[in-house]
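Visitor: Just to be clear, the model below is a prediction. Sequence and coordinates:
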Amino acid sequence: MDDLAPRTARSTPNPLPRPPEELARLEEAWRMPRGLARITEYNNNLIGPLFVGTALLFFVLAGILALIIRAQLAFPGLTLVAPGTFNQLFTMHGTVMMFLFAVPAVEAVAITLLPAMLGARELPFPRLGAYAYLIYAIGGLSFFASIFFGAAPDGGWFMYPPLTSKENSPGINTDMYLLGIGFIEISAIAGAIELIVGILRCRAPGMTLGRMPIFAWAMLVFAAMVIFAFPAVIVASTLLELERAFGWPFFLPEYGGDPLLWQHLFWFFGHPEVYVIFLPAAGMVSMIVPAMAQARLLAHSLVVMALVGTGFISFGLWVHHMYTTGIPPLSLSFFAAAGFAVSIPSGIQVFAWIGTIASGRLRFSTPSLHILGFLFVFVLGGLTGVMVAVTPFDWQAHDSYFVVAHLHYVLIGGMVFPLLAGLYYWAPAVGSPLSERLGRWGFWLIFGGVNLTFFPMHISGLMGMPRRIYTYPSGLGLEVWNLLSSTGAAMTALGFLVVLLDVAKNFRLGGGGSNLWQAGTLEWLDNGNYGPRSIVRVTDRYPLWVDPDVKRQVEAGGHYLPMTATGGREALVTSPAEAIPQYVAPLPFPGPAHVVAAVGTCAFFFALTVPLLVEAAVAFVVTLGAMIWWLWQGTDPAPPQPATVDIGDGIRLPTHATGPLTTSWWAMVTLMLVQGTAYACLLSSWLYLWLVNGDAMWPPPGQGVPLGGFGLLAAGLYAAGGLAMGAAAWLLGRGPVWAVRLMLLAAMACFTAGAGADGWALWAAGIRPTAHAYGAAGFAIFAWQAMHVALALLLAGYTLARSLAGMLDGRRRLTMDNAGLFCGYVAAQGIVGLALLHLFPRLLT
């Protein structure tokens, strides 16, 4: 595809010059509110840098906690902090770094850069991105503040039961983690949905998947991994909170539970999260290296395959963290092999970067230094990763400081160094460049400090120093290694202080577009609040290298959509594979709905944590109302926008679409993948607990099999509800309005009755959630289904309300299409759950 002849100025989609009033109208449509109203803005040019800044703030806060930890361990027998405080310090350090810095930081970079990199005006759901940022910022700061009140989590960032059971952790410290982290999981998933749909549907015309920048590929794989990994930790957190709050014994062995269930669920999320963090960083490296070497990325297609392969293999590695839990040898062999296999795609990328550097002439600037530092530190971390994948070695090194060293070499090498490289590389694209002199000082201090901090930990770990200890006695030979690590931590902190000083002194947002590194990708075009002046036609992976005049053409309005075609904000939606223009999607103007929803979401989770149940209910109602207001304003806007618009090159596109063509349909399908993954984790938990208990105790004495008659009735009612929603969707635009409304009411009635029959089948059989894990697991599956039935009722009721308001018809049917899709999923989910709960126990007898 790269061999296609590039378009030149003589064949631009729009004639030049363009009328000057077009640019004025475009600027007016994308003008940001002023004063306090600025908080209602969702533009990625505002939200992205705020997101990056907030992530860096959490990095600094977690780093301060790490300095306190290293000060406590610098010498034997110190008592700078109390043991309980130390537990909170290392728990918060890991939790903040993993949940509040690492994942949000790469999402922040994507929200900042991807629209420009894809040649788009904006991502398809900018208010969703702004909502994700706000709940992350508000909730994250509130969560971190818990450490000042002694209420911070204290069971490690992985929060293993039984240490975190109600008996062993009676305060709200564990609840702060389980509920307080909920907003972060919501934020990550919301951002992932926006990224998946945006990358697949909002690329510039001609930017096929083969021409898509590597960073976009990395973020696509990242978002897909979030979709399939994060639901597991959501389910684990929910089950543990149900056990703590209501006594449902999922993890209590005396009641048929098993603490290892938590580890399986948590690490099914936790180990892929390492690659969730690494892959976007690798994508940044694959963008920076070609620019620094002034050479195309070697083996572009293999690098893409390596990204996808790493994401796939990473889901087979979670037992890597559980080698010492008594898992059978055959299972250990499988996961050990997967641990070796995942190094292969990483190696492909490393050799591609080295080959690219060798094929060009590397410019030794600050970004290049951080890339070289990344290669050195990450490769060392990868080598120790292969070591701990060897089962006998892991038995010796497990829970020692060797693992601490390995983890930090991988995470700092694989994520922090590329992020710093990206900071210095892309700063001129979004604002002013940073200082080379301060950048070099910062790099050498950080590079030396990181190695001085963590390399000695390999030795202290092999000497027997365990993780998470408050202090240690003298005379064990550990003094010198701990002192070196603490000295290195101070040196690393000094290096980051230099970087922060550089940013504060030299960086100013706005006025970007200066292609300081002579890069070839689209983010180096001039971008206003509206993105590029016109949306470029892409013919190559490096369009600025192939056609140097494209920058002038775009800024002069010579490509697609050089104006506001509908009079407001809009995004050009293209096909997922070939990026063929399909329709122009109007975007809403700034408004307060997503802000209210974000504040309400955070208030809801923290009120549950304290607990303040009345206040939590009020926050829930406020959040729900704000979200309905948000949707009501932004769904299926009515005319007066024109039915079709000319985007250039004689192409006229509609301003409205329905069904699978729309971005909202793709978002709903992605959301259903999230829900389906969470449900699969619940069903797997039920099956796991059956294996732990054995046939004789599943069901246990005193609890029976769910009533089959009511189970059949519930399955029939769920199916009828789904069919009624399908009938309503088919009738819309074909049949009378009253028939559509009748089908909506019938669907609501069927789902309600189905949930009632579903729950009664369990209760009437004597199954109780507090008596045994059998009942707890069954009622957890039912509760998940009941929650989805409530959401289906809400969506069907919302659809009915729009019909009654005259806002639903054969053309304006997005609400109906999405509600029907979701209700069909709820019906199928309910039937699958009924089949497991009703048929499986009968097959065992």
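Guide: Done, it's in. Numbers count the residues shown, from 1 in each chain.

Visitor: Low-confidence ranges, the stretch 451-600 of the chain, go.
Guide: Counting by pLDDT under 70, the stretch 451-600 of the chain contains low-confidence ranges at 511-513.

Visitor: oh, I was asking about the chain
Guide: 1-11, 511-513, 634-640.

Visitor: where along it do the strands fall?
Guide: Using DSSP state E, the strands of the chain run over 569-574, 581-587, 644-648, 651-654.

Visitor: and the last one, which residues are buried?
Guide: Right, the one you point to is strand 651-654. Across strand 651-654, burial judged by 16 or more other CB atoms under 10 Å covers Leu653. (C-beta placed from N, C-alpha, C; glycine too.)

Visitor: Outside of it itself, list whatever touches it.
Guide: With contacts defined as CB atoms under 8 Å, 6 or more residues apart in numbering, strand 651-654 is touched by 13, 560, 572, 581-584, 643-647.

Visitor: from those residues, which two are the most distant?
Guide: Using CB to CB, the pair of these lying farthest apart is Pro13 and Ala643, separated by 21.0 Å.

Visitor: I'd like to know how many residues surround the nearest residue to Arg842 once chain neighbours are set aside.
Guide: Spatially, and ignoring its direct neighbours in sequence, Arg842 is nearest to Val705 (6.1 Å; CB to CB, 6 or more residues apart in numbering). Here the count is done by other CB atoms under 10 Å, and Val705 has 20 residues near it.

Visitor: so what's Val705 up against?
Guide: 699, 765, 838, 841-842, 845.

Visitor: quick one: which of the residues you listed is nearest Thr670?
Guide: Closest to Thr670, out of all of the contacts of Val705 and judged by CB to CB, is His838, at 30.3 Å.

Visitor: do you know how far the closest one is from Leu544?
Guide: 61 Å (CB to CB, to the nearest Å).

Visitor: if we can go back for a sec, who has more neighbours out of Pro13 and Ala643?
Guide: A count of neighbours by other CB under 10 Å puts Pro13 above the other of Pro13 and Ala643, at 21 against 10.

Visitor: Now the more buried one: phi and psi?
Guide: Backbone torsions for Pro13, taken as degrees, to the nearest 10, come to phi -60, psi -30.

Visitor: surely it meets Gly558?
Guide: Yes: counting by CB atoms under 8 Å, Pro13 touches Gly558, with 7.2 Å between them.

Visitor: Which strands and helices lie in contact with the lengthiest helix in the chain?
Guide: Longest helix in the chain by number of residues (criterion: DSSP state H): helix 259-293. The contact analysis (3 or more CB pairs under 8 Å, 6 or more residues apart in numbering; DSSP states H and E) places helix 259-293 against helix 103-117, helix 214-246, helix 300-313, helix 343-359, helix 366-389, helix 401-411, helix 417-430, helix 663-693.

Visitor: Just put the ones you listed in CSV and tack on mean neighbour count.
Guide: CSV is the format used below for those (neighbours: other CB atoms under 10 Å):
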stretch, mean neighbour count
helix 103-117, 27
helix 214-246, 23
helix 300-313, 19
helix 343-359, 18
helix 366-389, 21
helix 401-411, 23
helix 417-430, 25
helix 663-693, 19
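
Visitor: List the residues that contact Arg244.
Guide: Going by CB under 8 Å, 6+ apart, Arg244 touches 165-166, 174-175, 178.

Visitor: Same check on Leu516?
Guide: 428, 433.

Visitor: Tell me who's in contact with the residue sitting nearest the centre point of the chain.
Guide: By CA atoms, centre = their mean, the chain has its centre lying nearest to Ala188, at 3.3 Å. Neighbouring residues of Ala188 by CB under 8 Å, 6+ apart: 103-104, 107, 132, 226, 230.

Visitor: In this protein, which residue sits furthest out from the middle?
Guide: Largest separation from the mean C-alpha position in the chain: Gly475, at 45.9 Å (CA atoms, centre = their mean).

Visitor: quick one, what contacts that one?
Guide: Neighbour list for Gly475: empty [criterion: CB under 8 Å, 6+ apart].

Visitor: same deal with Leu742?
Guide: By CB under 8 Å, 6+ apart, no residues touch Leu742.

Visitor: before we move on, what about the one 5 residues further on?
Guide: With contacts defined as CB under 8 Å, 6+ apart, Ala747 is in contact with 721-722, 724-725, 728, 792, 796, 823.

Visitor: From those residues, list the buried ones, please.
Guide: 721-722, 724-725, 728, 792, 796, 823.

Visitor: Would you check which pair of these lies furthest apart?
Guide: Spanning the widest gap among those are Ala728 and Ala792, at 12.6 Å by CB to CB.

Visitor: give me phi/psi at the residue lying closest to Leu239 once chain neighbours are set aside?
Guide: Spatially, and ignoring its direct neighbours in sequence, Leu239 is nearest to Phe250 (4.6 Å; CB to CB, 6+ apart). Backbone torsions of Phe250, given as degrees, to the nearest 10, read phi -70, psi -30.

Visitor: roughly how far apart are Phe250 and Leu23?
Guide: Distance from Phe250 to Leu23, by CB to CB: 60 Å.

Visitor: now the helices for the stretch 601-750 of the chain?
Guide: Along the stretch 601-750 of the chain, the segments classed as helices by DSSP state H, counting those that start in this stretch run 613-634, 663-693, 708-731, 737-763.

Visitor: for the ones you listed, which one sits closest to Phe266?
Guide: That would be helix 663-693 among those, by CB to CB, at 10.9 Å.

Visitor: relative to strand 581-587, how tilted is the closest one?
Guide: Helix 663-693 and strand 581-587 are oriented at 90 degrees to each other (axes from the mean of the first three to the mean of the last three CA atoms, to 10 degrees).

Visitor: What is helix 663-693 packed up against?
Guide: Counting contacts by 3+ CB pairs under 8 Å, 6+ apart, helix 663-693 packs against helix 182-201, helix 214-246, helix 259-293, helix 773-804, helix 814-834.

Visitor: Next, the angle from it to helix 773-804.
Guide: Interaxial angle, helix 663-693 versus helix 773-804 (the same axes, to 10 degrees): 170 degrees.

Visitor: Excluding chain neighbours, give the residue nearest to Ser514 in space.
Guide: Excluding the flanking residues, the one nearest Ser514 by CB to CB, 6+ apart is Pro428, at 4.8 Å.

Visitor: Contacts only, for that neighbour.
Guide: Neighbour list for Pro428: 512, 514-517 [criterion: CB under 8 Å, 6+ apart].

Visitor: cool, Ala753 as well?
Guide: With CB under 8 Å, 6+ apart, Ala753 has these contacts: Leu717.

Visitor: Okay, it and Ala714: tell me how far apart.
Guide: 8 Å.

Visitor: Break the protein into its domains for me.
Guide: Domain assignment of the chain by automatic domain parsing yields the ranges 45-506, 659-844.

Visitor: Can you say which of these is nearest to Pro590?
Guide: domain 45-506 (8.7 Å).

Visitor: Many thanks, I have nothing further to ask.
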